[in-house]
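> Here you go, sequence then predicted model.
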Amino acid sequence: MTIVYLIIYGFLLTAVLGLIAAWIDRKITARIHYRVGPPFFQPLIDIIKLVGKETLIPKGASRAMFISAPVIGFASVVMVSALLWGSNNNLFSSFLGDIIVVLYLLSIPSISIMLGGFASGNPLARIGSSREMKLLLGYELPFVLAILVPVIKSGFSLKLGEIISFQAQNGAFATYASGILALIVCILCIQAKLGLVPFDCPEAETEIISGPMVEYSGTGLAIFRLMKNMLLFTLPFFLIILFLGGFKFSGITILYSVLKYIAFLLVITVIRNTNPRLRIDQAMKFFWGPTTGIAVIAVVLALLGK
Amino acid sequence: MKLTLRALLKSPWVFHLSTGSCNNCDIEILDCLTPRFDIERFGMLLAPSIKHADILLVTGSCNRKSVIRLKRLYEQAPKPCLVVAIGECSMSRGIFIHSYNCPLPLDKIIPVDAYIPGCPPKPEAIISGAVKLIQKIKGTL
């Protein structure tokens, strides 16, 4: 039964929604540039094309790691999505501490990108991977602090299912001052987790030609792209569960659920299109300075019950 | 094979290589990516690395230094990969035809699938060349 959940909810549903999200993202970007933009099936066509291309393994690469890195990241995204859908739709009873499991699994895609970059043996990929590592150290601290807020608000519950049911009774956490501050911090952190523009220094295309991805071709690149497209759905979904009470699928609330997600996607895309790229030291200062400050204030407010 | 080739024609990612051109053709290639021409509506993107590319756009007169790099890049491109020669220099070496430094035209070095003449070709000509290349591949399906 677990495998069915993993395949249907973790992979198929999330992949379809993620590919649609990737198209919306590219289309909004194009409209902001006053362009026409790609057709609807473009993200899917890109992935089918990449699967059909030749896979090249560089001469100095660590072969096993180079091939398995995309699979590790992809598998962790599938597991996170299955866990999130499970707690959202009450498919299976959530266990104590599943929020911690989700946090750990959400950092594995970044780690898999790092492993792939280091394994490829390319100097540009190494620079990109080391930047990715610094960025991971930077954003994990405020992200974990901000996620403490819903945990404190729901009476120190570490179950996603209890956080959702608590919000269903007492209103979403984003209506409190601490919730809003924590949500802002989380949006900045998922921007870095997704590797989008203010924090895309690991993959700076104009500078270190797409960083850790530089040696990937064919199926490896396809899996990495699909993983990123799925993360574009999974990370906002995680925040919606924590701060906005999850998705509900009965009657008119379907429309409200879709609007919640579209709002998140719009914010991410607009931030990505209206900002320049930060250097890695600026990004670290940003995350360990003001962002962590806001997250600490949010935690204190949450403890005071605001 | 048929499905992947059809997908390739709908999302050809291009990589552009200058083998000693005067930079005019390169600027015209970049013009195609601007909002006015917007080649992303055909699914084309400018690939950052040759390992991601499906189409290799070559400009310039293939001088002795860059021929070595050109061959290496062509070998590194994951197949199926297409090559397009852009501008007079890459087709017939242009004004450098009698130069000691440009021994061979591009199509004597690597196989070329499409030629786009002009000095430099207009962005409209480049897009029209790309569309004709896609039609040519479709004809052989």
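Arrived safely, thanks for sending.
> pretty sure B:Lys132 is touching B:Ala114, no?
Yes: B:Lys132 lies in contact with B:Ala114 (C-beta atoms under 8 Å); the separation is 6.7 Å. Where you see a C-beta, it was placed from the backbone N, CA and C, and this is true even at glycine.
> out of those two, which sits in the busier spot?
A count of neighbours by other C-beta atoms under 10 Å in any protein chain shown puts B:Ala114 above the other of B:Lys132 and B:Ala114, at 18 against 12.
> Contact partners for the more buried one?
By C-beta atoms under 8 Å, 6 or more residues apart in numbering or on different chains, the residues touching B:Ala114 are B:82-85, B:129-130, B:132-133, B:136.
> what about the stretch 1-150 of chain A, any weak spots by pLDDT?
Across the stretch 1-150 of chain A, the ranges flagged by pLDDT under 70 are A:91-93.
> Spell out which parts of it neighbour chain B.
Within the stretch 1-150 of chain A, the positions near chain B by C-beta under 8 Å from any C-beta of the partner chain are A:26, A:30, A:33-39, A:42, A:45-46, A:48-49, A:51-56.
> Quick one, which of these are buried?
Buried members of those, counted by 16 or more other C-beta atoms under 10 Å in any protein chain shown: A:26, A:30, A:35, A:37-38, A:42, A:45-46, A:48-49, A:51-53, A:55-56.
> And what about the residue of chain A positioned farthest from its centre, helix, strand or coil?
In chain A, A:Lys59 marks the outermost C-alpha relative to the chain mean, sitting 32.0 Å out by C-alpha atoms, centre = their mean. Secondary structure, DSSP: H, G, I helix; E, B strand; the rest coil: A:Lys59 is coil.
> re earlier: show me the buried ones among the residues of the stretch 1-150 of chain A next to chain B that map onto helices.
Here DSSP state H is the test, and those give A:26, A:30, A:42, A:45-46, A:48-49, A:51-52 as lying in helices.
> what's downstream of the host helix or strand of A:Ala82, the next helix or strand?
For A:Ala82, the element it lies in under DSSP states H and E is helix A:63-89. Using DSSP H and E, the helix or strand that follows helix A:63-89 in sequence is helix A:98-120.
> Which SSE is immediately downstream of that following helix?
Following helix A:98-120 toward the C-terminus (DSSP H and E): helix A:123-153.
> so what's residue 131 up against?
You didn't say which chain, so I picked chain A. Neighbour list for A:Arg131: A:201-202, A:211, A:280 [criterion: C-beta under 8 Å, 6+ apart].
> you looked at the wrong chain, it should be chain B
B:Val131 makes contact with B:Phe42, according to C-beta under 8 Å, 6+ apart.
> hang on, it is in a helix, isn't it?
Yes: counting by three-state DSSP, B:Val131 is found in a helix.
> Mind pulling the model confidence for it?
What the model reports as pLDDT for B:Val131 is 82.
> how far away is it from B:Asp113?
Going from B:Val131 to B:Asp113 by C-beta to C-beta, to the nearest Å gives 13 Å.
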